[in-house]
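Q: With the sequence up front, the predicted model follows.
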Amino acid sequence: MEPTNLIRRFKKLLKIAELPDIRIHDLRHTSATLLLLRGVNPKVVCERLGHVDISTTLQIYSHVLPSLQANAAILIDDQLEKTSEFPTKSLDAGELTDFERGIYPG
């Protein structure tokens with residue numbers, strides 16, 4: 001398809017769907033952002049976008065990184081909560097080693 005016709009058709013479809021006027025290239029950014037937010041490995045996103053280097057992808061989509069950090073914190077919190085469901089043997093102070101009590105030789 002001729003690029004001009006593709007753009008014209010895309011703009012027409014946006015109007016029919018009552019969507020904002022965006023560029024086709026904006027779909028690329030939306031796709032990358034959504035994939036990163038869903039936890040897809042940045043290397044995979046990099047490859048899908050055709051970037052030579054992952055640092056390019058990370059620089060362009062750095063605005064997504066804070067939410068990725070927040071998501072990572074939630075995931076580790078969930079994992080820690082799951083592992084705390086397992087019964088653990090509690091030790092009384094008499095069973096602790098000097099190291100565990102914070103008493104270090106020297």
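A: Structure's in. What do you need? Numbering: from 1, shown residues only.
Q: average pLDDT for stretch 24-44?
A: For stretch 24-44, the mean pLDDT works out to 91.
Q: Could you give the separation of it from the chain centroid?
A: 10 Å (Cα atoms, centre = their mean, to the nearest Å).
Q: Give me the residues contacting that stretch.
A: Applying Cβ atoms under 8 Å, 6 or more residues apart in numbering, the contact partners of stretch 24-44 are 6-7, 10, 45, 48-49, 54, 57-58, 60-61, 64, 67-68, 71. Bear in mind the C-beta positions are built from the backbone N, C-alpha and C, glycine included.
Q: those strands in this structure, which residues are they?
A: With strands called from DSSP state E, the chain shows none.
Q: what ranges of it fall below the confidence cut-off?
A: 84-106 (pLDDT under 70).
Q: Now which of the contacts of stretch 24-44 would you call buried?
A: Neighbour counting with 16 or more other Cβ atoms under 10 Å marks Val45, Leu49, Thr57, Leu58, Tyr61, Val64 as buried within the contacts of stretch 24-44.
Q: What residues does the second one make contact with?
A: When contacts are counted by Cβ under 8 Å, 6+ apart, Leu49 is found next to Arg28, Ala32, Thr57.
Q: And the longest helix along the chain, what does it pack against?
A: Longest helix in the chain, counting residues (DSSP state H): helix 65-83. With contacts defined as 3 or more Cβ pairs under 8 Å, 6 or more residues apart in numbering; DSSP states H and E, helix 65-83 has these neighbours: helix 24-37.
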